[in-house]
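In: Quick one, fold the following:
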Amino acid sequence: MPKVLIPLAVGFEEIEAVTIADILKRAGVAVELVALENLDVVGAHGIVIKAQTHIKGIKADDFDMVVLPGGLPGATNLAKSADVKALLNTFAQSKKYIGAICAAPLALKEAGVLRNAYTCYPSFEKKIQADGYTSDKDIVCDENIITSKGPATAMPFALFLVEKLMGVDASNRLKKELLFSN
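Out: Model (predicted):
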């Protein structure tokens, strides 16, 4: 069973974190929500999510993918975290999948793992200041780096992650069960 790590920083985008975790779990993926600080993590809109563990002591070797939800100041907090940067670099060196949505590609840039093509929340590319931004796709996959635009793209992004981890049949089965039409 694939295993995915989702770091939560104060100010994370709740729709993105919960949608991604839920879709992955429905597909049979093991998901671990980890906190950068307290286990009770407050999202950008005041919703509190309880993480299972703290990021300290997490080993990248135990996971197949890491996915960063956006939101502000959550994405900025992820980008500033030495623990997140270290994990992202380990995942990149191992060629494991790294996902980031909304403002979270900022953390990929700060860690030096953002590749040639990416997308993010419109206008946030100005803060990321990296070449390769595209606004005409909701999801961009550049080798092992997968990025998406924001809250409304969270479900298709999560289904794409399922496809990468478990194959197109698993993703299509889930789309049918969820009444997803896209």
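
In: Enumerate the positions of the helix or strand bottoming out on mean pLDDT in the chain that are buried.
Out: Lowest by mean pLDDT, DSSP states H and E among the helices and strands of the chain is helix 125-128, with a mean of 94. For helix 125-128, a neighbour-count test (16 or more other CB atoms under 10 Å) marks 125, 127-128 as buried. C-beta coordinates here come from the backbone N, C-alpha and C atoms, glycine included.

In: Could you dump these into JSON lines with distance to residue 154 added?
Out: Shown next, in JSON lines, are the buried residues of helix 125-128 (distance: CB to CB, whole Å):
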{"residue": "125", "distance to residue 154": "19"}
{"residue": "127", "distance to residue 154": "20"}
{"residue": "128", "distance to residue 154": "19"}
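
In: Which member of those residues is positioned nearest residue 31?
Out: For the buried residues of helix 125-128, the minimum distance to residue 31 (CB to CB) is 26.1 Å, reached by residue 128.

In: show me what contacts the closest one?
Out: When contacts are counted by CB atoms under 8 Å, 6 or more residues apart in numbering, residue 128 touches 105-106, 109, 114, 118, 120.

In: what's the spacing between it and residue 52?
Out: In this view, residue 128 and residue 52 are 29 Å apart by CB to CB, to the nearest Å.

In: Okay, helices next: where are they in this structure?
Out: Secondary structure of the chain by DSSP state H: the helices cover 14-26, 74-80, 82-93, 105-111, 125-128, 154-166, 168-178.

In: which one of those lies closest to residue 146?
Out: Across the helices of the chain, residue 146 has its closest neighbour in helix 154-166 (6.7 Å, CB to CB).

In: Beta-bridge partners for the closest residue to residue 41 other than its chain neighbours, please?
Out: The shortest distance from residue 41 to any non-neighbouring residue, by CB to CB, 6 or more residues apart in numbering, is to residue 8 (4.3 Å). For residue 8, the beta-bridge partners are residue 35 (DSSP bridges).

In: count of neighbours near residue 8?
Out: A count of nearby residues for residue 8, using other CB atoms under 10 Å, gives 29.

In: any idea how far residue 15 is from it?
Out: Noted for residue 8: a distance of 13 Å to residue 15, by CB to CB.

In: how about the spatially closest residue to residue 22 that is not a sequence neighbour, what does it touch?
Out: Spatially, and ignoring its direct neighbours in sequence, residue 22 is nearest to residue 158 (7.7 Å; CB to CB, 6+ apart). Shown in contact with residue 158 (CB under 8 Å, 6+ apart): 19-20, 22-24.
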